[in-house]
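Student: Could you look at this predicted model? Sequence included:
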Amino acid sequence: MKVKSVTLSLFMVLMLVNCNTNPFTGKSTIALVSNDKLIPMSFQQYNQVLSESNVVNQGEQVEMIKRIGNKIKVAAERWLDANGYEGYTDSYKWEYNLIDEDIVNAWAMPGGKIAFYTGILPVAEHERGIALIMGHEVAHALANHGQQRMSKGLASQIIGTAGAVGMSLSDMEPREQQQVLMAYGVGTQLGIMAYSRKHETEADRIGIMLMAIAGYNPTDAYMLWERMSAASEGSAPPEFLSTHPSYDTRINNLKEWAPLAKEEAKKFGVTSFN
């Protein structure tokens, strides 16, 4: 009980001392690593990935990725400015690159560095599909999801270490200590997966809103995940053992959010869609 109290107290201190605000939810988020340090690190990692990859430098696909990225960025900045977050992206250096590799993926780094792989383009199928993916990745960058994941990992390590030290000073048997540490490890892993699924769902919700504000019709956005499901050929793990929501969950969510995204777009004068 004493060990539990110590680790819980430590976690509460970490949460209270190091917090940011997610502009899309208004909620405080854990931030053990400041963006002043994290963003330059992410830029360095991004450049390293590009240096080791076959980056496509010209062509219609590259122009499309950059064009859609800029539209989503402008939509995001319009929303942030309208909701009291003027200058929120001042430290961001937006960049969109296409990597020639048959991987069905795209990703974002803190600070606005985004990469698409050519393997995802056939699944995206058209500009609206790419706009939904781009909105999702931009949302990750703006909502500080990378910072939160890193901070969550650091907090788990700190608490785990504190718990191990506390148990070593207690009267627990070695076997009991091992069982507790194993349970903590499994619980932490499942917790991190749930945390990641929450971020993915949040990015889906923000992303469909941004694509609508950018002028892309969100009505059939859910069909992207039908195509993703078909491309995966049923290889996805159960949702509770995954870092991402299930395809069915994402499809149902996007169907529900599409009318809401259109309503949000109307606030910015967007009433017709590409």
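Tutor: Thanks, I have it. No experiment lies behind these values; they were computed from the predicted model shown. Residues are numbered from 1 along each chain as shown.

Student: Apart from its neighbours in sequence, what residue is nearest I39?
Tutor: Spatial nearest neighbour of I39, excluding adjacent residues (Cβ to Cβ, 6 or more residues apart in numbering): G111 at 3.8 Å. Placement of C-beta: from N, CA and C, glycine included.

Student: who's in contact with that neighbour?
Tutor: Taking Cβ atoms under 8 Å, 6 or more residues apart in numbering as the contact definition, G111 lies against 35, 38-39, 42-43, 91-93, 141.

Student: need these in JSON lines with neighbour count, secondary structure and distance to L254, can you?
Tutor: Listed next are those as JSON lines, based on neighbours: other Cβ atoms under 10 Å; DSSP: H, G, I helix; E, B strand; the rest coil; distance: Cβ to Cβ, whole Å:
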{"residue": "N35", "neighbour count": "17", "secondary structure": "helix", "distance to L254": "29"}
{"residue": "L38", "neighbour count": "19", "secondary structure": "helix", "distance to L254": "29"}
{"residue": "I39", "neighbour count": "21", "secondary structure": "helix", "distance to L254": "30"}
{"residue": "S42", "neighbour count": "21", "secondary structure": "helix", "distance to L254": "28"}
{"residue": "F43", "neighbour count": "17", "secondary structure": "helix", "distance to L254": "31"}
{"residue": "S91", "neighbour count": "13", "secondary structure": "coil", "distance to L254": "30"}
{"residue": "Y92", "neighbour count": "19", "secondary structure": "coil", "distance to L254": "26"}
{"residue": "K93", "neighbour count": "12", "secondary structure": "coil", "distance to L254": "29"}
{"residue": "A141", "neighbour count": "25", "secondary structure": "helix", "distance to L254": "20"}
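
Student: Report the two of the residues you listed separated the most.
Tutor: L38 and K93 (13.3 Å; Cβ to Cβ).

Student: all strands of the stretch 101-250 of the chain, in order?
Tutor: Assigned by DSSP state E, counting those that start in this stretch, the strands in the stretch 101-250 of the chain fall at 106-109, 113-117.

Student: List of residues touching the first one?
Tutor: Contact partners of strand 106-109, identified using Cβ under 8 Å, 6+ apart, comprise 42-43, 45-46, 114-117, 120, 133-134, 136-138, 140-141, 146.

Student: which of the residues you listed are buried?
Tutor: Burial by neighbour count, judged by 16 or more other Cβ atoms under 10 Å, picks out 42-43, 46, 114-117, 120, 133-134, 136-138, 140-141, 146 from the contacts of strand 106-109.

Student: Quick one: the helices in the stretch 51-200 of the chain, in order.
Tutor: Per DSSP state H, counting those that start in this stretch, the stretch 51-200 of the chain carries helices over the ranges 60-82, 121-124, 127-142, 145-168, 174-213.
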